[in-house]
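K.L.:
Structure of the sequence below:
(one chain, ligands or ions: 1)
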Amino acid sequence: MTDVTMEKIVSLAKRRGFIYPGSEIYGGLSGTWDYGPLGVELKNNIKNLWWRMFVQERDDMCGLDAAILMNARAWEASGHVSGFSDPLVECKKCKHRFRSDQVEDKCPECGGHFGEVRQFNMMFKTHAGATEEESSVSYLRPETAGGIFVNFKNIVDSFHPKLPFGIAQIGKAFRNEIAPRDFIFRVREMEQMEIEYFVRPNEWEVAFEEWRQNMHAFNDAVGIPRDAVHELEVPDGERAHYSKRTIDFEFDFPFGRKELYGLAYRTDFDLSAHAKASGAPLSIIDKEGEPPIVPHVIEPSFGVDRTILAILTSAYTEDELGGEPRLYLKFNKAVAPIKAAVFPLLKNKPELVAKAREVYSMLKKQIPQIMWDDNGNIGKRYRRQDEIGTPYCITIDFDTLGEEPELKDTVTIRDRDTGEQERISIDNLLSRIA
Ligand code: ATP
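P.N.:
Numbering: from 1, shown residues only. This next block holds a predicted model:
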């Protein structure tokens, strides 16, 4: 068993170009991280898979991409202006601030005493336009869900969906966390993938169960093992202000078992609150001839950054290959940022390079996530590709060129997990990788 620590993951992520500290050359900005060339591929693969699974492959779902800046009244109506806060304590001696539920009764920095607990609102407040007055206040959305509720009427008017149906959105959300920590687990700028699934009030339990299963299916698809995910039924009194039932999906992160995703039954809380505050009728005709009803809603909420951390944790593997210790990311092929790497055996032989380029271009036309690598010797290239989780390495050698006539137009393909190589014909490469 590999001993997976956060230090190892953070260091690999930086070294290999997955994730860098935000604004690093200026000393960083707490709670922000930048996704590098491989990180953005990994992230896009995850988001595309989610979109495909929950929007494109279903006929009861539609997508949305709403603005991050929203009218402040939307967040007043949803209860976020008054209630979206964490309990804050300040050390009287060193003035450090903490979330009171994350510390004991003494300051972990200096041992000093804390002052009174007060509520700290986590929304980022800003001003839209050139005047900084109360009427220009706007908030960066703290969850993508808000954009879905305010577009409910638009979508009903354009598409006339029948219950049950859902609206999905992927996008950034911002929370001024008191204590960002644990790499990309708790950040101030994050990305969420959220669904509001609208149902008849008496059918919420069926939908809740269906989405519970769907969330596990998504974990399977991205390679988060089931035995590392645990459901926690959130008890009365600990749920968010809008929720009648919540299950947290917790994952065994290196720093402990913590929330990965949430599934909540939000009743008609949001639609009713927005209808009341805006005056817009947020209801739908369910049965002809009967008055419109306000649907209830089930909300599966997925954090993109936490998904990435769970995938990195699950994939991180140390083993031995040919008597040497090695490190590799056992990514599921669907999420791997690079699907295959193509090498000429030697960099200084123009015939090899030309043939390798030909194979590379042929593959890249069909599968864009292919990498060219001719740096260092083959061993170094394998090591590099293992560390970024590339499932296949393809080498073009003298046999490919026909040095052994019967091997002409064949290449070696190496499997990341076993390290085993096989010779196959160039014609079969595409189907093998796809
Ligand atoms: P926590 O209790 O860990 O603060 P939460 O219960 O406030 O999380 P939700 O409001 O349910 O989180 O948000 C939905 C999802 O968004 C979470 O399951 C998580 O994946 C993600 N998420 C929430 N806050 C953060 C954050 N600060 N950094 C990264 N991801 C986050």
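K.L.:
Please name the bridge partners of the closest residue to the ligand within the stretch 301-434 of the chain.
P.N.:
Among all residues of the stretch 301-434 of the chain, residue 303 sits closest to the ligand, at 2.2 Å; criterion: Cβ to the nearest ligand atom. C-betas here are computed from N, CA, C, even on glycine. Beta bridges link residue 303 to residue 192, judged by DSSP bridges.
K.L.:
Look up the pLDDT of it for me, please.
P.N.:
The score at residue 303 is 98. That number is its pLDDT.
K.L.:
Tell me if residue 111 really is in a helix.
P.N.:
No: counting by DSSP: H, G, I helix; E, B strand; the rest coil, one finds residue 111 to be coil, located in no helix.
K.L.:
List the residues that contact it.
P.N.:
Residues near residue 111 by Cβ atoms under 8 Å, 6 or more residues apart in numbering: residue 93.
K.L.:
Distance-wise, check it relative to residue 91.
P.N.:
Per Cβ to Cβ, to the nearest Å, residue 111 is found 9 Å from residue 91.
K.L.:
on that earlier part again, OK, contacts around the residue of the stretch 301-434 of the chain closest to the ligand?
P.N.:
For residue 303, the contacting residues are 190-193, 260-261, by Cβ under 8 Å, 6+ apart.
K.L.:
ok, which pair from those residues is furthest apart?
P.N.:
Pairwise distances across the contacts of residue 303 peak at 14.1 Å for 191 and 260 (criterion: Cβ to Cβ).
K.L.:
any chance you could map the helices in the stretch 1-150 of the chain?
P.N.:
Assigned by DSSP state H, counting those that start in this stretch, the helices in the stretch 1-150 of the chain fall at 6-15, 37-51, 72-77, 80-83, 145-150.
K.L.:
I misspoke; the intended subject was the stretch 151-300 of the chain.
P.N.:
Going by DSSP H, counting those that start in this stretch, the stretch 151-300 of the chain shows helices at 152-159, 204-222, 269-278.
K.L.:
Show me what the first one is packed against.
P.N.:
Of the remaining helices and strands, those touching helix 152-159 by 3 or more Cβ pairs under 8 Å, 6 or more residues apart in numbering; DSSP states H and E are strand 61-64.
K.L.:
How far does the strand it packs on sit from its chain's centre?
P.N.:
Here the centre of strand 61-64 is set off from its chain's centre by 18 Å, with Cα atoms, centre = their mean, to the nearest Å.
K.L.:
for stretch 278-287, which positions count as buried?
P.N.:
282-284 (16 or more other Cβ atoms under 10 Å).
K.L.:
Can you add pLDDT and distance to the ligand and give these back as TSV?
P.N.:
TSV is the format used below for the buried residues of stretch 278-287 (pLDDT from 0 to 100; distance: Cβ to the nearest ligand atom, whole Å):
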residue	pLDDT	distance to the ligand
282	97	22
283	97	26
284	97	26
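K.L.:
In CSV: the helices of the stretch 1-150 of the chain, plus mean neighbour count.
P.N.:
As requested, these are arranged in CSV below (neighbours: other Cβ atoms under 10 Å):
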stretch, mean neighbour count
helix 6-15, 16
helix 37-51, 19
helix 72-77, 19
helix 80-83, 16
helix 145-150, 23
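K.L.:
check contacts around residue 174.
P.N.:
With Cβ under 8 Å, 6+ apart, residue 174 has these contacts: 68, 123-124, 140-142, 188-190.
K.L.:
Now for residue 23: which residues touch it?
P.N.:
Applying Cβ under 8 Å, 6+ apart, the residues contacting residue 23 are 29, 32.
K.L.:
With residue 176 as the reference, measure out to it.
P.N.:
Distance from residue 23 to residue 176, by Cβ to Cβ: 17 Å.
K.L.:
ok, now residue 402?
P.N.:
64 Å.
K.L.:
out of those two, which sits in the busier spot?
P.N.:
Neighbours were counted for residue 402 and for residue 176 using other Cβ atoms under 10 Å; residue 176 has more, 17 against 13.
K.L.:
Distance check, the closest residue in space to the more buried one that isn't next to it in sequence against residue 306.
P.N.:
Distance criterion Cβ to Cβ, 6 or more residues apart in numbering; nearest residue to residue 176, sequence neighbours excluded, is residue 122 at 4.9 Å. Distance of residue 122 to residue 306, given as Cβ to Cβ: 17 Å.
K.L.:
which one of those two has more residues nearby?
P.N.:
Higher neighbour count among residue 122 and residue 306: residue 306, with 24 against 17, using other Cβ under 10 Å.
K.L.:
Specify the local secondary structure of that one.
P.N.:
Quick answer, by three-state DSSP: residue 306 is helix.
K.L.:
Can you name the residues that contact it?
P.N.:
184-185, 251, 259-261.
K.L.:
Same check on residue 410?
P.N.:
399-400, 423-426.
K.L.:
how about the nearest residue to residue 180, chain neighbours excluded?
P.N.:
Distance criterion Cβ to Cβ, 6+ apart; nearest residue to residue 180, sequence neighbours excluded, is residue 31 at 3.2 Å.
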